[in-house]
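**Q** Attaching a predicted model along with its sequence, questions to come.
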Amino acid sequence: MSDPRLESPISVGGCSLRNRLYRAPLLECAGNGPDAVDALIADLEPAAASGAGLIHQGATIVRGEGGCAAPGMTRVADPAFVSELGRLTDAVHARGGAIAIQLEHGGLRSMEVWHAGYRESNPGLEQLAVSRPPGALRALDRVGMLELNPRVMDTGEVRELAADFGRAAANAVDAGYDMIHLAGANMGIIQQFLSPFYNRRDDEFGIDPQTGSGIRFLECVHDEIRDRAGDVALITKVPSESAAPAVFRPRLSDDDAVRTAARLAAIGYDGLVPVRCSVFWDMSIVRGAFPAAAWRAESLRPGYVEAFGGPGRAAAVAAGNWVQSRYYDREPGWNAPLARRVRERVDVPVFLEGGLRTRGELDRYLGDAADLVGMGRPFYAEPRLPARLLDGDRGTEAVCEDCNNCAVAQAAGASGACRTPAVLRRAGELREEGAYDRTG
Ligand SMILES: Cc1cc2nc3c(=O)[nH]c(=O)nc-3n(C[C@H](O)[C@H](O)[C@H](O)COP(=O)(O)O)c2cc1C
């Protein structure tokens, strides 16, 4: 399993991949409208056509209402809509790639909690919570930055939510997806179950003393997916909350994440993506620069004002974002130490992403910290990036500058795209030089 070459094939839960390079999940903001499938094909097919072994579609929502963490997320509760995604899976397969769908529910990270305009136009939506929200979120509610009106799920409702993950997975398998990827981090509801910061339940879905995490929900989701979608390859992100500022406790440590990963492998998960993040949805998952240009862009300003409930609050969020950027600076391979520890404990493939930018870094971590390696943000500027990385020398480097203008713009409802002219110019030059011409 540990052949370290990027070009060598690997199997994840019976899903054969032509190489170990993957596109990490990134929100495409394609929604569910009449153009959604074409938009997803336009975003994802180039990664397959230029050689990526595996393409992770960005997070999709398992319910028909509520639970969207950001504007424009695609829902996968309706079997009729999901069957149309067969055109996307066919397009990726025709290029020799494999495709994973990522399943999510936002819980307390959903737009009905943080997005003022969305809350106003959807007043009836429930805010699903694992437990009473932590004090830090209640404080943000008191100062008007959030509007909390949570409903804590009872045990039966938690099981029903797990069943929705199973139903969505079954729809996806019918549509030809090769792999199910659970959005286990980024403050989605799975992380909220795992995390002692959020999870204070006293039923079976509470914190398990042996792993230190609320792992029972992922166990239940696993069983639902196996019952409804069979033995499809199943992977999940596994969070350590070690990147959170020290005052936020209790939280998942690296040790908790390693124990949780070991248990998930024993339960039957086929692959694991360890990530060091925070207890909040913040820059810990996209370390790099303060996205000044995206905050300043005139075209995006109305979207920020609508999302955050006024210009003053939008400015306060931007200021918080600036503070975070001092704390979560660019850090190549920031998940590698955690991934290496997980890899020592499990016998399923470990995926590594987060700040990897050069072919040399991919080579260094393969067979050491990971069995597969991926990039996320660089794909916005270079949808055909694999063509340069595969067959590239160790110095081959993505043009992405970790400026994060792609990330924050999505709060304003903008689609997933690189917005930095210098970076786009460099990608254009490479295109003219034929750097992306590789096929398959
Ligand atoms: C705009 C944006 C959207 C993202 N959407 C998702 C997502 O839907 N699911 C997920 O698990 N991670 C998501 N991520 C995190 C990426 O998968 C990846 O872990 C992160 O960007 C670090 O990798 P990178 O440094 O190569 O970009 C997103 C990141 C960005 C910037």
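**A** Thanks, I have it.

**Q** helix/strand/coil for Val373?
**A** Local secondary structure at Val373 is given as strand here, using DSSP: H, G, I helix; E, B strand; the rest coil.

**Q** Now name the helix or strand holding the closest residue to it other than its chain neighbours.
**A** Here the nearest residue to Val373 in space, its sequence neighbours aside, is Leu362; by Cβ to Cβ, 6 or more residues apart in numbering that works out to 4.6 Å. The C-beta positions use only the backbone N, C-alpha and C, and glycine is treated the same way. Using DSSP states H and E, Leu362 maps to helix 359-365.

**Q** Now do that helix, average pLDDT.
**A** Averaging pLDDT along helix 359-365 yields 97.

**Q** One more: stretch 432-440?
**A** The average pLDDT for stretch 432-440 rounds to 84.

**Q** what's the spacing between that stretch and its chain's center?
**A** Stretch 432-440 has its average C-alpha position 28 Å from the chain's average C-alpha position, going by Cα atoms, centre = their mean, to the nearest Å.

**Q** ok, now stretch 382-396?
**A** On the basis of Cα atoms, centre = their mean, stretch 382-396 sits 22 Å off its chain's mean C-alpha point.

**Q** any residue of stretch 87-104 up close to the ligand?
**A** Yes: between stretch 87-104 and the ligand, judged by Cβ under 6 Å from any ligand atom, the touching residues are Gln102.

**Q** Am I right that Val158 is in a helix?
**A** Yes: applying three-state DSSP, one finds Val158 inside a helix.

**Q** Can you tell me which residues in the stretch 151-300 of the chain are near the ligand?
**A** For the stretch 151-300 of the chain, the contact set with the ligand under Cβ under 6 Å from any ligand atom comprises Ala183, Asn186, Lys237, Ile285, Val286.

**Q** Just give the number of residues close to the fourth one.
**A** For Ile285, the tally of surrounding residues (other Cβ atoms under 10 Å) stands at 23.

**Q** swap in the third one?
**A** Other residues near Lys237 come to 26 when the count uses other Cβ under 10 Å.

**Q** thinking again about what came up before, show me what the helix holding Leu362 is packed against.
**A** Helices and strands touching helix 359-365, as assessed by 3 or more Cβ pairs under 8 Å, 6 or more residues apart in numbering; DSSP states H and E, are absent.

**Q** Now do the buried residues in that helix.
**A** Residues of helix 359-365 classed as buried: Arg359, Glu361, Leu362, Arg364, Tyr365 (neighbour count, 16 or more other Cβ atoms under 10 Å).

**Q** near the ligand, which residues of the stretch 1-150 of the chain show up?
**A** Proximity of the stretch 1-150 of the chain to the ligand is confined to Ala24, Pro25, Leu26, Leu27, Gly58, Ala59, Gln102 under the rule Cβ under 6 Å from any ligand atom.

**Q** May I ask you to confirm that Ser415 is in contact with Cys29?
**A** Yes: checked against Cβ atoms under 8 Å, the pair Ser415 and Cys29 is within contact range at 4.5 Å.

**Q** tell me which element Pro302 is part of?
**A** Under the assignment given by DSSP H and E, the secondary-structure element containing Pro302 is helix 301-308.

**Q** quick one: average pLDDT of that helix?
**A** Averaged over helix 301-308, pLDDT sits at 95.

**Q** what does stretch 151-168 give?
**A** The predicted model assigns stretch 151-168 a mean pLDDT of 98.

**Q** Could you do stretch 245-263 as well?
**A** When pLDDT is averaged along stretch 245-263, the result is 96.

**Q** heads up, I number from 762, so please use that
**A** Sure, I'll start counting at 762 from here, so that last one is stretch 1006-1024.

**Q** Can you give me the buried ones in that stretch?
**A** Those buried within stretch 1006-1024 under the rule 16+ other Cβ under 10 Å are Pro1011, Arg1012, Leu1013, Asp1015, Asp1017, Ala1018, Val1019, Arg1020, Thr1021, Ala1022, Ala1023, Arg1024.

**Q** still on that earlier bit, so the residue nearest to Val1134 sits against Leu782, correct?
**A** Yes: applying Cβ under 8 Å, one finds Leu1123 in contact with Leu782, separated by 7.1 Å.

**Q** Between these two, which contacts overlap?
**A** Leu767, Val1134, Leu1150 (Cβ atoms under 8 Å, 6 or more residues apart in numbering).

**Q** show me the contacts for the second one.
**A** Under the criterion of Cβ under 8 Å, 6+ apart, the contact partners of Val1134 comprise Leu767, Arg781, Leu782, Tyr783, Phe1112, Leu1113, Glu1114, Leu1117, Leu1123, Tyr1126, Leu1127.

**Q** Save these as TSV, and put in secondary structure and distance to Gly1071 too.
**A** Compiled in TSV, the contacts of Val1134 are given as follows (DSSP: H, G, I helix; E, B strand; the rest coil; distance: Cβ to Cβ, whole Å):
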residue	secondary structure	distance to Gly1071
Leu767	coil	48
Arg781	coil	47
Leu782	strand	44
Tyr783	strand	40
Phe1112	strand	40
Leu1113	strand	40
Glu1114	coil	35
Leu1117	coil	38
Leu1123	helix	44
Tyr1126	helix	44
Leu1127	strand	48
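
**Q** ok, these vs the ligand, which is closest?
**A** Checking those against the ligand by Cβ to the nearest ligand atom gives Glu1114 as the nearest, at 4.6 Å.

**Q** Angles on the backbone of the closest one, please.
**A** Main-chain dihedrals, Glu1114, degrees, to the nearest 10: phi -150, psi 170.

**Q** got it, and Ala890?
**A** phi -130, psi 150.

**Q** Quick one: residues contacting it.
**A** Contacts here follow Cβ under 8 Å, 6+ apart; on that basis Ala890 touches Gly868, Leu869, Pro911, Arg912, Val913, Met914, Gln953.

**Q** Show me what it is bridged to.
**A** Each beta-bridge partner of Ala890 is listed here, defined by DSSP bridges: Val913.

**Q** how much space between it and the ligand?
**A** 21 Å (Cβ to the nearest ligand atom, to the nearest Å).

**Q** So Ala1004 is in contact with Phe1041, correct?
**A** No: using Cβ under 8 Å, Ala1004 is not in contact with Phe1041, being 10.0 Å away.
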